[in-house]
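In: For reference, the sequence and a predicted model appear below.
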Amino acid sequence: MKDKLKTVIIGDIHGCLEEFQELLELVDYKSPDVEIILAGDLIDRGPESAAVVALCRKLNLRCAQGNHDLKFIKWWKNAGSTNDVYDKHPHYNQLSDEDVNYIARMSPYIKIDDNTIAVHAGLKPGIPLEKQTKDDLCYIRYIDQQKKFVSLKKINNIGSIEQAGAHFWTEWGPFGYNIIYGHQVWEEPRIDKFDDGTACYGIDTGCCFGGVLIASCRSGFFGLPWIAIAVSSSACFTLGAGGAGASLGFSVASTFWFGGWSEGSGSALVILTWIAPPGPAPPHRL
Ligand SMILES: [Mn+2]
């Protein structure tokens, strides 16, 4: 696929159709030089999972498969082994054959350029990108000294991440790529920078839990190399537009320059500028 000038990466939508649509408008998604890439977890938790999948499919958006997407496909391949899942996930029953195919065809990761990838959860340290397993790419969170995956359940059983001798996966970097990922909910976007000039960008700010949905935009917007635009969920908006910037916690001066915010219809709009990541220049600089 030919590289487009403006690349926009959106993380865990989780059925939050309204916020997703708003964000699409915001990044001018119909423009021929804009490409939207999704970091997975389109479904579950939010109110309109089936509609989100249908929209992404109709727009033919490339999506890195998330653990929730993978979980659905595993269930579906087992011919819907249990029916009680409909109580928990009624939208499972609302997905059309085309929707199911779209989810099944999602990529384990998406290469944005030679230096940059989008993936749902992250990478396992010390393993080449091509050799990463689907489960690691979709589920990874904590890694112990033996470079083994440590589940959230195990950490909860042991007591803490430290007691489990584990670290969040990005702390084992660099990985040879700029990595934009979702999966782990942060109060504000998390950025880990490395000596080789690459960085990891965690962009899941928990829209389905009342946080915001973020679009990480590369190149071309406002003539700057990288920016992030966040649109509030309705729950977050009730925090009050006046305090939007502060209440969302976007105050990391070394990483972000707070570009300002304005009110849209029924939502607070926050525009943040990402300082260009160090190291290799994005190849599609204006
Ligand atoms: Mn998720």
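Out: Okay, I see it. Numbering: from 1, shown residues only.
In: Flag the shaky bits of the stretch 101-250 of the chain, pLDDT-wise.
Out: For the stretch 101-250 of the chain, applying pLDDT under 70 flags the ranges 218-250.
In: Please enumerate the strands of it.
Out: Using DSSP state E, counting those that start in this stretch, the strands of the stretch 101-250 of the chain run over 109-113, 116-119, 142-144, 149-150, 166-168, 178-181, 190-193, 199-202, 212-218, 226-232.
In: Redo the ones you listed as CSV? Include mean neighbour count and distance to the ion.
Out: For every residue, glycine as well, the C-beta is placed using N, CA and C. Formatted as CSV, those follow (neighbours: other C-beta atoms under 10 Å; distance: least, C-beta to the ion, whole Å):
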stretch, mean neighbour count, distance to the ion
strand 109-113, 20, 16
strand 116-119, 26, 13
strand 142-144, 20, 16
strand 149-150, 18, 17
strand 166-168, 18, 15
strand 178-181, 26, 10
strand 190-193, 19, 14
strand 199-202, 25, 11
strand 212-218, 27, 12
strand 226-232, 26, 16
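In: can the ones you listed go into TSV with extra columns for distance to residue 36?
Out: Converted to TSV, those look like this (distance: least, C-beta to C-beta, whole Å):
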stretch	distance to residue 36
strand 109-113	11
strand 116-119	11
strand 142-144	30
strand 149-150	30
strand 166-168	27
strand 178-181	13
strand 190-193	21
strand 199-202	16
strand 212-218	8
strand 226-232	12
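In: between these, which one is nearest to residue 78?
Out: strand 149-150 (23.3 Å; C-beta to C-beta).
In: From the contact counts, what lies against the closest one?
Out: strand 142-144 (3 or more C-beta pairs under 8 Å, 6 or more residues apart in numbering; DSSP states H and E).
In: contacting residues around the strand it packs on?
Out: 124-125, 149-152, 155, 161, 164-169, 172 (C-beta atoms under 8 Å, 6 or more residues apart in numbering).
In: mind running it again at 7 Å?
Out: 124-125, 149-150, 155, 161, 164-169, 172 (C-beta atoms under 7 Å, 6 or more residues apart in numbering).
In: How about stretch 150-170?
Out: Contacts of stretch 150-170 (C-beta under 7 Å, 6+ apart): 122, 123, 125, 140, 141, 142, 143, 144, 145, 192, 200.
In: so how far is the ion from the first one?
Out: Residue 122 sits at a distance of 12 Å from the ion (criterion: C-beta to the ion, to the nearest Å).
In: May I ask you to confirm that residue 51 belongs to a strand?
Out: No. Counting by DSSP: H, G, I helix; E, B strand; the rest coil, residue 51 is not part of a strand but helix.
In: give the contact list for it.
Out: Taking C-beta under 7 Å, 6+ apart, one finds residue 17 in contact with residue 51.
In: If I look at it, what pLDDT would I see?
Out: Note on residue 51: pLDDT of 98.
In: can you offset everything so residue one is 56?
Out: Will do, 56 is the new start, and the previous item becomes residue 106.
In: What sits closest to residue 66 if chain neighbours are left out?
Out: For residue 66, ignoring the flanking residues on the chain, the nearest one in space by C-beta to C-beta, 6 or more residues apart in numbering is residue 237 at 3.4 Å.
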